[in-house]
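*Asks:* next input, structure requested:
(one chain, ligands or ions: 3)
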Amino acid sequence: MSVITVIPGDGIGPEVIEQALVVMDGLGTGLEFDVLDHVNASTFLRTGVALSDVDFRRVSASQGTLLGAVGDPRVTSSEYARGVLLRLRSDLDLYVNHRPARLLDARLSPLRDEQRRNIDCVIVRENTEGLYAGIGGILRSGSTEAVAIDAEVNTYYGIDRVLEYAFSIARRGVCLVDKSNAVRSGGSLWQRCWAEAKQRNPDVPVTHLYVDAAAMKLVSDPASFDVIVTNNSYGDILSDLAAEVAGGIGAAASANINPHTGYGLYEPVHGSAPDIAGTGVANPLGAILSGAMLLARIGREEQARALTRAVEATVTAGRCTPDLGGDLHTKEVGAAVLAELG
Ligand code: NAD
Ligand code: IPM
Ligand code: MN
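*Replies:* Residues are numbered from 1 along each chain as shown. Ligands and ions are numbered 1, 2, ... in the order given. Here you go, the predicted structure:
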């Protein structure tokens, strides 16, 4: 039997993951869920351990992981998120963060211009390097002469493989987003790898945008994008932006994957939303659709399609949480998706 690790995490994480598990059970997946509900901010604050080696081994021995969100206002350092989420991304070498943004229903678009609303793109975010590499430190710490340095790491190997993934999933084209007009070394290495990747994929239409212009165009003409490939930081920011343009971050799903090992960590794009945690209004669709992405990757494409269709029907019927204009609670949305599944 396939074992899936589940890390509900913090804030709304457990609330939305509960509904993802309810609908996956309802689908009759027969998956076994190994729930690590002790991996959370309270444990980190009490013990100083974000993710133990024992838990890391449980994750890596499983067929995939579903994560809610990690983050808590009581935790002010980056060590907690680094110790759970970023550790899993880097130690499992999940170098692609695949973040689709697709408008599920025209009424959800925040855009005025109907012609340009129909966003259906994927942000391919490099997921193991960049500013997230954790290389740097503070000189003269504590003094008024303190200097904080975080190196942005870009390797040929890392850029090349994420570009290759972007080309491999392109339907209408690939757009490279960088800041090579200002960022000297990394910018030129991305451009070199981009030139080589374009040569290897001569049939794929390509475009290039600086990240500031890309942010603008994601609002003014989002339907023009297919695959956007970019570094870790820009991908983080643009995927929240694209999610909102697609109707709301609460319904945005993502997959952290290594296309070669096949391992994946699936999570909604949103965080632990402490502002609404405990109120019962968190949108579970991002978590549910992350579950669908997991099912698709572990060879259960039919179940994944059924789940995605059920989510679409639920949204079209207006059976949503307040962030999508509805008046349902988290659990009621889970029940509505389940009902659509029949
Ligand atoms: P956030 O995504 O948690 O919240 C941003 C806004 O979106 C808030 O107003 C929130 O109420 C709303 N929102 C988010 N998800 C929603 C949902 N499912 N339904 C309805 N509304 C939703 O971002 P933040 O406030 O910057 O971060 C809060 C904490 O989460 C921080 O500790 C941050 O580090 C962490 N975080 C974790 C992840 C992750 O684990 N993958 C991702 C992003 C942020
Ligand atoms: C995300 C989150 C994380 C990131 C944080 C929690 C470290 O924002 O998954 O998008 O920046 O990657
Ligand atoms: Mn983010």
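*Asks:* from here on, contacts and neighbour counts on C-alpha atoms
*Replies:* OK.
*Asks:* over to Val219. Which of the three states is it?
*Replies:* Put simply, Val219 is helix when judged by DSSP: H, G, I helix; E, B strand; the rest coil.
*Asks:* if I pick the residue lying closest to it once chain neighbours are set aside, what's in contact with it?
*Replies:* Nearest non-adjacent residue to Val219, counting by Cα to Cα, 6 or more residues apart in numbering: Val245, 6.8 Å away. By Cα atoms under 8 Å, 6 or more residues apart in numbering, the residues touching Val245 are Leu103, Ser109, Pro110, Leu111, Arg117, Ile119, Leu218, Val219, Pro222.
*Asks:* and the second one, how many neighbours does it have?
*Replies:* I take that to be Ser109. Ser109 has 21 neighbouring residues, counting by other Cα atoms under 10 Å.
*Asks:* so it makes contact with Ala243?
*Replies:* No. If you go by Cα atoms under 8 Å, Ser109 and Ala243 don't touch, sitting 10.2 Å apart.
*Asks:* re earlier: which of the contacts of Val245 fall within helices?
*Replies:* Mapping the contacts of Val245 onto helices (DSSP state H) picks out Leu218, Val219.
*Asks:* which element follows the helix or strand encompassing Val124 toward the C-terminus?
*Replies:* Assignment of secondary structure by DSSP states H and E places Val124 within strand 120-126. Using DSSP H and E, the helix or strand that follows strand 120-126 in sequence is strand 136-139.
*Asks:* any idea of the mean pLDDT for that next one?
*Replies:* On average, the pLDDT along strand 136-139 is 97.
*Asks:* the residue nearest to Leu294 when sequence neighbours are not counted sits in which helix or strand?
*Replies:* Spatially, and ignoring its direct neighbours in sequence, Leu294 is nearest to Tyr266 (6.3 Å; Cα to Cα, 6+ apart). Assigned by DSSP H and E, Tyr266 falls within strand 264-268.
*Asks:* just Arg57 next, same as before
*Replies:* Applying DSSP H and E as the criterion places Arg57 in helix 53-61.
*Asks:* so which bits of that helix are buried?
*Replies:* Buried residues in helix 53-61, defined by neighbour count with 16 or more other Cα atoms under 10 Å: Arg58, Val59, Ser60.
*Asks:* tabulate those residues (a markdown table), appending distance to ligand 1.
*Replies:* Below are these laid out as a markdown table (distance: Cα to the nearest ligand atom, whole Å):
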| residue | distance to ligand 1 |
| --- | --- |
| Arg58 | 19 |
| Val59 | 16 |
| Ser60 | 18 |
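*Asks:* please name the bridge partners of Leu265.
*Replies:* Thr65, Asn256 (DSSP bridges).
*Asks:* that one and Ala20: what is the separation?
*Replies:* According to Cα to Cα, to the nearest Å, Leu265 and Ala20 sit 14 Å apart.
*Asks:* repeat for Arg140
*Replies:* Arg140 is 47 Å from Ala20, where distance means Cα to Cα.
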